[in-house]
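Q: Next one to model:
(2 chains)
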Amino acid sequence: MASVPKIEVGSDYKEKYGFFVPEDYIFKAKRGLNEEIVKEISWMKGEPEWMTKFRLRSLEIFRKKPMPNWGADLSVIDFENIFYYLKASDKQSKTWEELPPDIKATYDRLGVPEAERKFLAGVSAQYESEVVYHSLQENLSKQGVIFLDTDSALREHPELFKEYFGTVIPPADNKFSALNSAVWSGGSFIYVPKGVRVEVPLQAYFRINAENMGQFERTLIICDEGSFVHYIEGCTAPIYTTDSLHSAVVEIIVKKGARCRYTTIQNWSTNVFNLVTKRAMAYADATMEWVDGNLGSQITMKYPSVYLMEPGAKGDVLSVAFAGKGQHQDAGGKMIHVAPNTTSTITSKSISKGGGRTSYRGHIKIYPGANNCKSFVKCDALLLDDDSRSDTYPYNDVDAENVTLGHEATVSKVSDEQLFYLMSRGIARAEAETMIVNGFIEPFTKELPLEYAVELNRLIQLEMEGSVG
Amino acid sequence: MALSVETLDQLQGEPAWLRERREAAFATFEKLPSPSKTDEEWRRTDVRGFDPAKYSRLEHLDGHKLVLPSALPKGVILKPLRQAAKEHPELVEPRLFSLVHADRDRFAALHAAFFTGGTFLYVPDGVVIDQPVIGQHFSHEGGTSVLPHTLIVAGKNSKFDYLDEYIAERDDESGYRSGSTEIFLGDGAQVGYVGVQKWGRNVWHFADQLAELQKDSSLKLFNVTLGGKFSKTRVEASLAGEGSNAELKAIYFASGDQFFDFHTLQDHRVGNTRSDLLFKGALQDVARTVYAGLIKIEKHAARSDAYQANRNLVLSDKAKATSIPMLEIDNNDVRCTHGATVGPVDPEHMFYLRSRGIPEPTAKRMLIQGFFGDVLDRIPFEHARKLVEAELESRLG
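A: Presented below is the predicted three-dimensional model:
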């Protein structure tokens, strides 16, 4: 028979994580995309006119842009078969107790409350397309920090919002940023005032839970001069029967002397297309760090980038990708050196198993006049079996004087010597392999807050167990 | 006069099969579109200024000089390619343009349609030539097309070295130049190949240096690129037999407004194969270079070992280097490493030399020589090494 074999993606998700909550929506838009739907989304949200116009303009751009002809195969995406806006509950919850019980049940299994008990300053947990749960620690508001879902931010801080929104990633940047700009909903908005250091990481959990539903969250972070913030997004999703699209846009502005760290653990179910545009602008002596872990999804295309705009800016990408059966992780990073005396590093670790494919795709660009820049890229790939595949596509463009640019990559399997060593000490093969994989991504795990490191190790363990037999 | 099928009439006395092949290649050329900025391979390489119609006069049909070792062993065939096509069709016909495909792009098609001279070298099984064979390709005047093609067939367990030298009589000549090479290595063959491209500074140059390696064969290929205002070179090794080993090295020195583009491929089609690539280049003035290389390990090519490195020494703030070393690995039992660097002369090295009283220009020259030193040592035979060293010396001034 000539039919394509059905890939059993994440069929054990239910047992593993046990979250699948029946759909119960207040408003459910129609499938597909046209002006009417975009206007309806904007109207539903009660947005100002400039935003409605922005959305409609973006829709035009989205229609004109061709699909990318590189990277993963995206031809199966049917834009007409997607819900572009869903609202789970029409009112925002202020406290944990007010959350609808089925949403709480899902979060319980994800471990959100535990994390909250420990240190949460504010949780912006996204169920469906909108932030439904929001708590902000008091001293944060005293410091003048704004941490809202993006829709509320547009209502409550219109001037600040308008000043920065869409300035880092314009709608015309690529097809999927145009799509997001047209139909965006939810996401986080953070403003950290001058000199304020937010000592505890700010977190948001994203969830998608309706068939064929796209999530188009939009995050905007502004770190004013000399400030610091660490933002964490973690995603998990239950299983669906048909493909689902996630296309977020994350814009970050890091002003003079500020530092921003953005941590992601992406664990979408393995039928989600994860096509995300993430970009930061770093000004004089500012530091931007992307810590990006991609474990789930069927296809991920995500290249967090830093534009180094003024002297002394520093960019950092630490990326981990894990591709199992039927998955393609096309991840990497981009560093655009616009100003002299800027530095950047990209470290990528990827693991492929069970026929999965990981690709590192990166771009280092050093513009004319951006002299005395330093950039270093290191990619390591681990192939756990001979069905899997690993690619490396680094683009390095140097246009300036006195620039030091280095790129290194290795691809290997789990070393026989290491396995032999562990097994000779009585450790079973599967366990030994898991240990080696965990060791391989250690530079990444050690950058995560403890809860996330534990969760990541557990996820790797679960993924590795699947490989036995 | 534009390039046309009539242009082919300048190439008299060829067998019918070759004429047909040329006409087919020309038809392919006319059919294929010009590469655009959206083609990944041509994104950074601008060929809009190249108008082959300007160079419809084919120069130098068989006019290259073969420097032969004093005595060629019995059975070795060494002839101008067009003559060999007539006299040894059974050896030439099945191989000519079987690695360099005319339909790969417009420029490969153009070369296949109008190649003018070049060498055919056939070394029978078990034959060893202990002195290098040298083919010198000259261009005497500007405004013409000079398109030599080298076809090398190395029999089983044969062993020899070959040097292609592309020489311009006038350094400022313009025109259209190529210099493609196909090398077939039989089981256990050991071939050293050096191509030194010294065409004039105003020519358009396109070349494909491609080799196919059978079981346990070993190729040491060395490319030197110095000439042309535009030079695009593809160097590819197809490792088709177990135990084969390809060493691909290159040096380039781009100055003035020269633009060099290199595409390389290490295609590991079977297991237990090895490839080692090192491309080193220096750029000064407003020169630009693009290096894009791929290591491909195919599904069943287990226990392959591949290495790929591109190092660029940027000597001016207006020069621009792009480096894209890529990997596509489909088997886990392999060892693949690659690296790329782009950087200036190390200021600490400079400081060391200056503190010993060496003037800056001299110190800079010494550091450039040092940069090229390790790869020059890898040139497979003495004659070519001396030639390249002298050439670099004169360009460093």
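Q: Helices along chain B, start to end?
A: For chain B, applying DSSP state H gives helices covering B:16-31, B:81-87, B:89-92, B:106-114, B:347-355, B:360-376, B:382-396.
Q: Among those, which comes closest to chain A?
A: Set against chain A and scored by C-beta to the nearest C-beta, those come closest in helix B:347-355, at 8.3 Å. All C-beta atoms are positioned from the backbone trio N, CA, C, and that covers glycine.
Q: Report the distance from that closest one to the chain centre.
A: On the basis of C-alpha atoms, centre = their mean, to the nearest Å, helix B:347-355 sits 35 Å off its chain's mean C-alpha point.
Q: That one - contacts with which helices or strands?
A: When contacts are defined as 3 or more C-beta pairs under 8 Å, 6 or more residues apart in numbering or on different chains; DSSP states H and E, helix B:347-355 packs onto helix B:360-376.
Q: Is any residue of the helix it packs on near chain A?
A: No. Between helix B:360-376 and chain A, judged by C-beta under 8 Å from any C-beta of the partner chain, nothing touches; the nearest distance is 13.5 Å.
Q: Tell me which residues are up against that helix.
A: If you take C-beta atoms under 8 Å, 6 or more residues apart in numbering or on different chains as the criterion, helix B:360-376 is touched by B:249, B:251, B:278, B:280, B:282, B:311, B:313, B:315, B:345-346, B:349-350, B:353-354, B:358, B:385, B:388-389, B:392, B:396-397.
Q: go with 6 Å
A: Applying C-beta atoms under 6 Å, 6 or more residues apart in numbering or on different chains, the external contacts of helix B:360-376 come out as B:249, B:251, B:278, B:280, B:282, B:313, B:345, B:349-350, B:353-354, B:396.
Q: count of neighbours near A:D173?
A: 18 (other C-beta atoms under 10 Å in any protein chain shown).
Q: ok, which residues in the stretch 251-400 of chain A are in contact with chain B?
A: When proximity is defined as C-beta under 6 Å from any C-beta of the partner chain, the stretch 251-400 of chain A approaches chain B at A:383, A:385-386, A:389-393, A:395-399.
Q: For those residues, give me CSV that also has secondary structure, pLDDT and neighbour count.
A: As requested, these are exported to CSV (DSSP: H, G, I helix; E, B strand; the rest coil; pLDDT from 0 to 100; neighbours: other C-beta atoms under 10 Å in any protein chain shown):
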residue, secondary structure, pLDDT, neighbour count
A:L383, strand, 90, 27
A:D385, coil, 85, 16
A:D386, coil, 82, 17
A:R389, strand, 91, 23
A:S390, strand, 91, 32
A:D391, strand, 91, 23
A:T392, strand, 91, 31
A:Y393, strand, 91, 22
A:Y395, strand, 91, 20
A:N396, strand, 91, 26
A:D397, strand, 90, 20
A:V398, strand, 89, 29
A:D399, coil, 85, 20
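Q: now the stretch 1-150 of chain A, which segments are flagged as low pLDDT?
A: A:1-30, A:86-138 (pLDDT under 70).
Q: correction: chain B
A: Counting by pLDDT under 70, the low-confidence segments of chain B come to B:1-2, B:60-64, B:67-69, B:397.
Q: Now find how far off-centre the strand or helix carrying A:G293 is within its chain.
A: Element membership for A:G293, per DSSP states H and E: strand A:287-294. On the basis of C-alpha atoms, centre = their mean, strand A:287-294 is displaced by 9 Å from the centre of the chain it belongs to.
Q: Just checking: what are the partner strands of that strand?
A: Paired neighbours of strand A:287-294 in the sheet (DSSP bridges): strand A:259-267 (parallel), strand A:314-323 (parallel).
Q: Of all the ones you listed, which one is nearest B:E328?
A: If you check each of the strands paired with strand A:287-294 against B:E328 by C-beta to C-beta, strand A:314-323 wins as the nearest, at 14.4 Å.
Q: what's the following helix or strand after the closest one?
A: Proceeding C-terminally, strand A:314-323 gives way to strand A:328-337 as the next helix or strand, assigned by DSSP H and E.
Q: now the angle between strand A:314-323 and that following strand, please.
A: 170 degrees (axes from the mean of the first three to the mean of the last three C-alpha atoms, to 10 degrees).
Q: Which strands or helices does strand A:328-337 pack on?
A: Under the contact definition 3 or more C-beta pairs under 6 Å, 6 or more residues apart in numbering or on different chains; DSSP states H and E, strand A:328-337 sits against strand A:299-302, strand A:305-308, strand A:314-323, strand A:357-366.
Q: possible to save the strands paired with strand A:287-294 as a markdown table with distance to A:D73 and mean neighbour count?
A: Converted to a markdown table, the strands paired with strand A:287-294 look like this (distance: least, C-beta to C-beta, whole Å; neighbours: other C-beta atoms under 10 Å in any protein chain shown):
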| stretch | distance to A:D73 | mean neighbour count |
| --- | --- | --- |
| strand A:259-267 | 19 | 22 |
| strand A:314-323 | 14 | 26 |
